[in-house]
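Chemist: here is the input, now give the coordinates:
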Amino acid sequence: MAIVTVTSKPYHAGWALPAVLGVALLLGACAKGDISNSGIPIDTRERHPIVLRDAPHSLDVFVGRAGRGLDPRQADDVARFGEDYRRSGKGGLVAEVPTGTGRDLAARDTLDGIRNSLARAGVSPGALSVRTYPITDPGLASPIRLTYASLQAGLPHSCGQWPTDLGASSYRTSAANEPYWNFGCATQANLAAQIADPLDLVRARSEGRLDTQKRMEAIKKLRQGQDPSTQYRQEQTKVSDAVGGK
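Modeler: Below is the predicted model of the structure:
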């Protein structure tokens with residue numbers, strides 16, 4: 001039977017405090033995720049900020065048959081484009097007409113249809129200026145492009161940039177515990193594209209007029225100890241009555 005003797009060094013209280021502090025610092029570094037040593041902001045809103053700038057807004061109207069002008073869908077698209085121009089456009093409205101396709105008559109009829117749709121949207125005829133551009137490939141469809149400048153929200157850079165490798169190419173990059181640079185770029189770009197009025201990012205809209213009569217009725221009920229909430233009535237209709245059954 002073997003006898004095992006366990007020996008240990010004397011315990012010193014002075015060693016405990018530095019060890020505990022070192023472990024606490026390591027755990028704090030792992031838990032604190034917003035500390036960046038690379039100089040790149042951790043917050044997605046700072047790394048990919050949404051900015052406002054004047055940018056061109058365009059609509060391509062494809063040339064149809066001669067003598068037919070615009071089809072109903074294109075006429076509606078041009079009318080909506082004209083309404084957007086009246087609401088947020090800056091400067092004039094430019095129509096770039098293709099030349100050299102052998103369909104000059106069809107392009108002229110399409111341009112006349114564009115003018116009619118813009119007039120229906122309330123755009124002044126003097127706001128539209130016509131330019132031409134040469135065709136390099138007659139085999140491709142060459143539309144009439146309508147363009148105007150407007151205030152738009154977007155990112156100051158394009159997404160899909162990878163300044164560093166996501167793999168274990170660098171121990172410093174892998175051990176930094178930071179999100180990669182392109183993280184959140186697509187989300188910010190989609191959010192900017194969905195904003196109807198870019199000015200909403202700068203300032204809030206003013207409140208509408210208050211319903212004074214409804215407010216006074218609610219205060220009157222509160223003074224009388226009644227419930228000020230509104231009880232809405234909803235009539236229930238039987239399916240048999242709606243379809244004429246018995």
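Chemist: show me what contacts D77?
Modeler: Neighbouring residues of D77 by Cβ atoms under 8 Å, 6 or more residues apart in numbering: L59, V61. All C-beta atoms are positioned from the backbone trio N, CA, C, and that covers glycine.
Chemist: switch to 10 Å and redo it
Modeler: Applying Cβ atoms under 10 Å, 6 or more residues apart in numbering to D77 gives the contacts L59, D60, V61, L70, D71, S117, L146.
Chemist: parallel or antiparallel, list what pairs with whichever strand or helix holds the first one.
Modeler: Which is L59. Taking DSSP states H and E as the criterion, the element that holds L59 is strand 51-61. Strand 51-61 has the following strand partners under DSSP bridges: strand 144-154 (antiparallel).
Chemist: list the buried ones in the strand it pairs with?
Modeler: Buried residues in strand 144-154, counting neighbours by 16 or more other Cβ atoms under 10 Å, are found at I144, R145, L146, T147, Y148, A149, S150, L151, Q152, A153, G154.
Chemist: can you check stretch 68-77 too?
Modeler: G69, L70, Q74, A75, D77.
Chemist: all strands of this structure, in order?
Modeler: 51-61, 89-99, 128-134, 144-154 (DSSP state E).
Chemist: most tightly surrounded among those strands?
Modeler: strand 144-154 (a mean of 19; mean count of other Cβ atoms under 10 Å).
Chemist: can you flag which of the buried residues of stretch 68-77 belong to helices?
Modeler: Applying DSSP state H to these, the entries found in helices are Q74, A75, D77.
Chemist: so who does the first one touch?
Modeler: Pointing back at Q74 there. Counting by Cβ under 10 Å, 6+ apart, Q74 makes contact with L59, D60, V61, F62, G64, T110, G113, I114, S117, P143, I144.
Chemist: now render those as CSV, adding pLDDT and distance to G91.
Modeler: Output for the contacts of Q74, formatted as CSV (pLDDT from 0 to 100; distance: Cβ to Cβ, whole Å):
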residue, pLDDT, distance to G91
L59, 95, 16
D60, 95, 20
V61, 94, 20
F62, 91, 25
G64, 76, 28
T110, 91, 23
G113, 92, 23
I114, 94, 18
S117, 95, 20
P143, 91, 21
I144, 93, 19
